[in-house]
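> Would you be able to build a 3D model of this:
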Amino acid sequence: MTRDEALRLIDAYVDMELDVKETIEVQSWIGRDEVCRAEFERICALKKALAEKMAGPPAPEMLKKRIRKLARRERMKRSRWVRPSIAAAAVALLVLGMGFYQRAMSVPAALVARTMEVYRVEVTNPLDFRSGDVRKVAAWLEDKFQKEVRPLVFTGGKGNLLGVRLCPFAGQKGAFVRYRSNGHTLALFIGPSESISYSLPMIPSFRLWGQNIHVTEKDGFQLAFWKKGMWFYALVLDDKVGGKADIQDVLQSGGYTF
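Here you go, the predicted model:
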């Protein structure tokens, strides 16, 4: 298969419409050729709208089922003597597909590390403005940034607002909004999205408020990242106190309306 042939088939590859042989060949071109890899990433971005309509990302089990179905279809087409090779190709495709799936969902390690560095410093610092009134906190932030800044509001006791302080975030002036919930510390960092040099994954962990939410864990903490308009948000949940909590459950109780 030539590069031009591989480029023409990448769209069908993303939709998993190729047979096993074509899939493996296109996969090989994507893995070794920058032009094919760039085209693959471009098409994935265009098809992102399909993933956004789903409640969450396509699960690995779904990927396995699709590959098994593809292998079964191929076995029906081929003669008996090639069946072992078809099965081996399907297994190889599953491994490669899982690798792409995991990379497409992985939050950049550097972004996680930098966020945790800021968290460990700011969580011990005094707040610049103490208030449990989100309107007052939003007004204080708007005065400091000269732009509308909307922190999150949590319902059902998921997060009690304590206050806010200014802090560096992603190399720019940012804000640290602190909450408390059932013994857990919730830290919401807000900074200008144009200053964020890290690219978020192609596949979100889930969708909420019309945004792609990307969740990961680090050293006993859960972190969520997303963009909304001109702002980049990072939420850090301390799981070391009060037992295990679910950051998705916490976020689903939140919103920007107040």
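
> Low-confidence ranges, the protein, go.
In the predicted model of the chain, residues 47-104, 239-245 satisfy pLDDT under 70.

> Strands of that one, start to end?
Per DSSP state E, the chain has strands spanning 129-130, 153-154, 160-169, 172-181, 184-192, 206-208, 211-218, 221-228, 231-238, 254-255. These are given in chain order.

> Of all those strands, which one is nearest R42?
Minimum separation from R42 across these (C-beta to C-beta) falls at strand 211-218, 17.5 Å. To be clear about C-beta, it is placed using only N, CA and C from the backbone, and glycine gets the same treatment.

> re earlier: now render the strands of the chain as TSV, adding mean neighbour count.
Supplementary listing: the strands of the chain in TSV, determined by neighbours: other C-beta atoms under 10 Å:
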stretch	mean neighbour count
strand 129-130	16
strand 153-154	20
strand 160-169	18
strand 172-181	20
strand 184-192	22
strand 206-208	17
strand 211-218	18
strand 221-228	20
strand 231-238	23
strand 254-255	18
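
> Compare these and give me the one nearest E39.
The stretch from the strands of the chain with the least distance to E39 (C-beta to C-beta) is strand 211-218; that distance is 22.0 Å.

> partners of the closest one, with directions?
Looking at strand 211-218 with DSSP bridges, its partner strands are strand 206-208 (antiparallel), strand 221-228 (antiparallel).

> Report the contact partners of the residue nearest to Y13 when sequence neighbours are not counted.
Leaving aside its chain neighbours, Y13 sits nearest to V26 (4.5 Å; criterion: C-beta to C-beta, 6 or more residues apart in numbering). Shown here is V26, whose contacts under the criterion C-beta atoms under 8 Å, 6 or more residues apart in numbering are M1, A6, L9, I10, Y13, L18, C36.
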